[in-house]
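Visitor: missing the sequence, but the structure's below:
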C-alpha cells in the first residue's frame with residue numbers, strides 16, 4: 001500500500017498520523033540488531049533490549065523481556081510481550097488471571113448495586 005497516496009488528502013493540515021509498519025531489514029542487519037539486543041538485555045538495559053526486539057520481531061528476546069516483566073510483578077507488560085511474540089503458553093495463564101479478576105469485580109459491582 002502506498003501510504004503517501006492514502007494521506008495526500010491531509011496535506012496542509014496540522015495533523016499527526018501514526019502508521020505501523022514492520023521495519024524492513026535484511027537478515028544480516030536483523031542478526032546484528034538481535035546480538036545488540038541480547039547484549040543490552042544481559043547488561044540490564046531491559047527497555048533498550050525491548051525496543052530492539054520489537055523492531056526485529058525476535059520472539060525469544062520478546063519472551064525473555066516478558067519473563068523479566070513477570071518476575072517484577074508487571075503482568076500486563078509481560079502479557080504484551082508474550083502476545084507480540086506470540087507465546088500462547090505463557091500468555092494464556094495471565095489472560096485467565098485477568099479474566100478471573102474482571103469477573104470478580106463485576107460480581108462485586110452487581111452485589112453492591114442490589
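Guide: That came through, no problem. These figures come from a predicted structure and were not determined experimentally. Numbers count the residues shown, from 1 in each chain.
Visitor: And the lengthiest helix in the chain, what does it pack against?
Guide: If you go by DSSP state H, the chain has its longest helix at helix 88-113. On a contact count with 3 or more C-beta pairs under 8 Å, 6 or more residues apart in numbering; DSSP states H and E, helix 88-113 meets helix 59-71, helix 75-84. The C-beta positions use only the backbone N, C-alpha and C, and glycine is treated the same way.
Visitor: Please convert those to a markdown table, extending it with distance to residue 31.
Guide: As requested, these are arranged in a markdown table below (distance: least, C-beta to C-beta, whole Å):
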| stretch | distance to residue 31 |
| --- | --- |
| helix 59-71 | 12 |
| helix 75-84 | 20 |
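Visitor: out of those, which comes closest to residue 98?
Guide: Taking C-beta to C-beta, helix 75-84 is the member of the helices and strands packed on helix 88-113 nearest to residue 98, at 7.7 Å.
Visitor: Flag every buried residue along the closest one.
Guide: Residues of helix 75-84 classed as buried: 77, 78, 79, 80, 81, 82, 83, 84 (neighbour count, 16 or more other C-beta atoms under 10 Å).
Visitor: And that helix, what does it pack against?
Guide: helix 59-71, helix 88-113.
Visitor: how close does residue 79 get to residue 72?
Guide: 13 Å (C-beta to C-beta, to the nearest Å).
Visitor: still on that earlier bit, any chance of the helices and strands packed on helix 88-113 in CSV, with distance to residue 108 and mean pLDDT too?
Guide: CSV is the format used below for the helices and strands packed on helix 88-113 (distance: least, C-beta to C-beta, whole Å; pLDDT from 0 to 100):
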stretch, distance to residue 108, mean pLDDT
helix 59-71, 26, 97
helix 75-84, 20, 95
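Visitor: nearest to residue 49, of those?
Guide: Of the helices and strands packed on helix 88-113, nearest to residue 49 by C-beta to C-beta is helix 59-71, at 6.3 Å.
Visitor: Can you give the contact residues for that closest one?
Guide: 34, 37-38, 41, 46, 49-50, 52-54, 75, 77-82, 84-87, 90, 94 (C-beta atoms under 8 Å, 6 or more residues apart in numbering).
Visitor: secondary structure class for residue 86?
Guide: coil (DSSP: H, G, I helix; E, B strand; the rest coil).
Visitor: Much appreciated, bye for now.
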